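Q: Below are the sequence and a predicted model for it; my questions follow.
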Amino acid sequence: MARRKRTCNCFAATHRWGFNGSDAVVTALTLTILEMLRWLLLDLLGLLIYSLVKRRDRAIAPGEPEGTVTPVQEPIAARETASIRPITGSEEKTLRDCFPWGVYYLQHIDYRPQAILCRGKLRAVPEEAYQTIASNIRQAFGDRFLVVFQESLRGQPFFALVPNAQAAQKLEEGETLQRPGLAAGLMLLTLLTTTVVGAAMSGQLVDEAGQSVTEFNAFIEALQSEPLLLLAGLPYSLGLMAILGFHEFSHYLTAVYYKIRATLPYFIPFPIFLGTFGAFVQMRSPIPNRKALFDVSIAGPLGGLVVTVPLLLWGLSRSEVVPLAKDQSLLDVDALNPRFSLLLAVLSKLALGSQLEPNSALDLDLLAVAGYIGLIVTALNLMPVGSLDGGHIVHAIYGQRTAVVVGHITRLLMFLLAIARPELLPWAIFLLLMPLSDQPALNDVSELDDRRDWLGLLSLVLLVAILLPAVQQPESGPTQHL
């Protein structure tokens, strides 16, 4: 039996851009942009792999003798602005004693309003240097300072002593950090809003003319007379909540493992569109090192993907194959072209087999809609920009300077992709408004091991597989993107 057409406002089609000229010109332009993006993304991925291999081949240079060390010359303007001294003269001598010559040769102490910068020459492995010096500073000053170890714009490692404002608030925040009642309340409210949206998308509620009720107020009034129809939205709501929940709890549990103070996952209910704006976990203490930054960041996308893939396969197997519409949209779940995404095309073929023909689309089951949104959420979080999970991952692998450069390139590529797929324009604008730099880890110099490096690159491969369209070879004619 054919299912009733769903026309819910939650997935209203976006406006298409107007062009003067024939459809063939527009199609050719779109295919050219997509092909260019394909090679640009592959080139960027290859460049990151090459950079990783070259970095692994680089040996740690031995420390220079004391007589050959040239002190770092600070700009005059910087010295003139250094008017704040949070420590006394005797404390400065104690601070200098915290830097063993054989570990980190301290050359200059620069007093800034936000921190005390200690610059010099690294003479040991970064992990050993940080542990030794941070331990010495804690013994001398207690929890008065947070010790941050990072690289300057010239690639020189330096230490920064930041006043620890959290030390005075630790007891007060400890009582209010975990709010299970608030977390549970938001989760239940989000379950309700997503169930309502899912019921609206199901098309089970019709008016006197036999058309699906899509107007929000009318739908709510109709549910008051037939509340059991709300159950039709459970496949969507439970699937989406499971994906978002696994994503955020993976972040949370990994943060707990590294003794990072973090809140419970908080869902954000929203009565229309998807029924939710997602969920978040807030970190309340610094990340100790790049290893912890990597593990906490990648745990969310991997945890969400573990739930997304089986739910999406199950939902795709329950979906209906329909003719491919002339006007295609990434948000049209009634006639979705699975070849918009390489990964979605592969999963659709696994779930439907020979039923999925070259010129066919999918009328997605509600569970498949939830899985499809899960793919979109995974791709958004893996974007290597700023404080997104992908930005943290690139930061952990290559350092903050390279992460900023990759963020700029990603913004440009997203705008090019939005030219071919106008539905992605809000996504590109969101990335443009997001800051490119994130907070450094306390030890932001020590590099990752090979296993984490390659796992991070695989996460970027996953992002490319979700974003890039599949290439199909038709029965006759040249290769084209669908």
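A: Arrived safely. Because the structure is predicted, anything quoted here is derived from the model rather than measured. Numbers count the residues shown, from 1 in each chain.

Q: Every contact and neighbour count from this point should use C-alpha atoms.
A: Fine.

Q: Count the residues that sit near Ala165.
A: Residue crowding around Ala165 was assessed by other C-alpha atoms under 10 Å; the count is 12.

Q: And it, how close does it get to Ala292?
A: To Ala292, Ala165 is 22 Å away according to C-alpha to C-alpha, to the nearest Å.

Q: repeat for Tyr257
A: As for Tyr257, its distance to Ala292 is 9 Å (criterion: C-alpha to C-alpha).

Q: These two - which one has more neighbours?
A: When neighbours are counted by other C-alpha under 10 Å, Tyr257 and Ala292 differ, and Ala292 comes out ahead with 19 against 10.

Q: Do I have it right that the more buried one meets Tyr258?
A: Yes: using C-alpha atoms under 8 Å, Ala292 is in contact with Tyr258, at 6.7 Å.

Q: Is the most centrally placed residue in the chain part of a helix or strand, or is it coil?
A: In the chain, the centroid-proximal residue (C-alpha atoms, centre = their mean) is Asn381; its distance is 2.3 Å. For Asn381, the reduced secondary structure class is helix; criterion used: DSSP: H, G, I helix; E, B strand; the rest coil.

Q: Quick one, grab the pLDDT at it.
A: If you check Asn381, the pLDDT there is 94.

Q: Phe273 too?
A: Note on Phe273: pLDDT of 85.

Q: So it: helix, strand or coil?
A: Note that with three-state DSSP, the state of Phe273 is coil.

Q: What distance do you get for it to Ala200?
A: From Phe273 over to Ala200 the distance is 10 Å, taken as C-alpha to C-alpha.

Q: Same drill for the two, tell me which one is more crowded.
A: In this comparison of Phe273 against Ala200, neighbours counted by other C-alpha under 10 Å, the higher total goes to Ala200 at 30 against 16.

Q: in the chain, which segments are predicted with low confidence?
A: By pLDDT under 70, the weakly predicted segments of the chain are 1-85, 166-176, 204-225, 471-482.

Q: Which residue ranges make up each domain of it?
A: For the chain, automatic domain parsing gives the domain ranges 20-53+286-474, 87-165.

Q: For Thr194, which of the ones you listed is the nearest?
A: In this view, these are compared for proximity to Thr194 by C-alpha to C-alpha, and domain 20-53+286-474 is the closest at 10.2 Å.

Q: Tell me how far that closest one lies from the chain's centre.
A: Between the mean C-alpha location of domain 20-53+286-474 and the chain-wide mean there is a distance of 10 Å, by C-alpha atoms, centre = their mean, to the nearest Å.

Q: before we move on, back to that, JSON lines please, covering the domains of the chain and showing distance to Leu177.
A: Below are these laid out as JSON lines (distance: least, C-alpha to C-alpha, whole Å):
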{"stretch": "domain 20-53+286-474", "distance to Leu177": "15"}
{"stretch": "domain 87-165", "distance to Leu177": "16"}
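
Q: Deepest-packed of these, please.
A: Mean neighbour counts were taken over the domains of the chain using mean count of other C-alpha atoms under 10 Å, and the top value, a mean of 19, falls to domain 20-53+286-474.

Q: right, and Arg339 touches Ile466 too?
A: No: here Arg339 does not reach Ile466: they are 10.3 Å apart, not a contact under C-alpha under 8 Å.

Q: Val405 and Gly386, how far apart?
A: Look at Val405 and Gly386: by C-alpha to C-alpha, they are 11 Å apart.

Q: what does Ser348 give?
A: Spatial separation of Ser348 from Gly386 under the definition C-alpha to C-alpha is 32 Å.

Q: next one: Leu433
A: The span separating Leu433 from Gly386 equals 10 Å under the rule C-alpha to C-alpha.

Q: Run a quick neighbour tally on Leu229.
A: The burial count for Leu229: 17, using other C-alpha under 10 Å.

Q: SS state for it?
A: Leu229 falls in the helix class when you classify it by three-state DSSP.

Q: Which parts of the stretch 101-250 of the chain are strands?
A: Listed in chain order, the strands of the stretch 101-250 of the chain (DSSP state E, counting those that start in this stretch) span residues 104-111, 116-122, 145-151, 157-163.

Q: Figure out which of those is closest to Tyr236.
A: Proximity to Tyr236 (C-alpha to C-alpha) singles out strand 145-151 among the strands of the stretch 101-250 of the chain, at 44.4 Å.

Q: For that closest one, C-alpha coordinates in CSV please.
A: Backbone C-alpha positions of strand 145-151 (Å, rounded to 0.1, in the frame of the first residue of the first chain) are rendered in CSV as follows:
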residue,chain,number,x,y,z
PHE,A,145,48.0,29.4,38.5
LEU,A,146,47.0,27.2,35.6
VAL,A,147,50.1,26.1,33.7
VAL,A,148,49.6,26.2,30.0
PHE,A,149,52.2,24.9,27.6
GLN,A,150,51.7,26.0,23.9
GLU,A,151,53.5,27.2,20.8
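
Q: Please compute how far that strand lies from its chain's middle.
A: On the basis of C-alpha atoms, centre = their mean, strand 145-151 is displaced by 25 Å from the centre of the chain it belongs to.

Q: could you give the angle of it to strand 157-163?
A: Orientation note: strand 145-151 sits at an angle of 150 degrees relative to strand 157-163 (axes from the mean of the first three to the mean of the last three C-alpha atoms, to 10 degrees).

Q: so where does the nearest residue to Val309 once chain neighbours are set aside fall, helix or strand?
A: Leaving aside its sequence neighbours, Val309 sits nearest to Gly371 (C-alpha to C-alpha, 6 or more residues apart in numbering; 7.0 Å). Secondary-structure assignment from DSSP states H and E places Gly371 in helix 366-382.

Q: So which residues of the stretch 101-250 of the chain form helices?
A: Counting by DSSP state H, counting those that start in this stretch, the stretch 101-250 of the chain has helices at residues 126-141, 166-176, 180-202, 216-225, 234-257.
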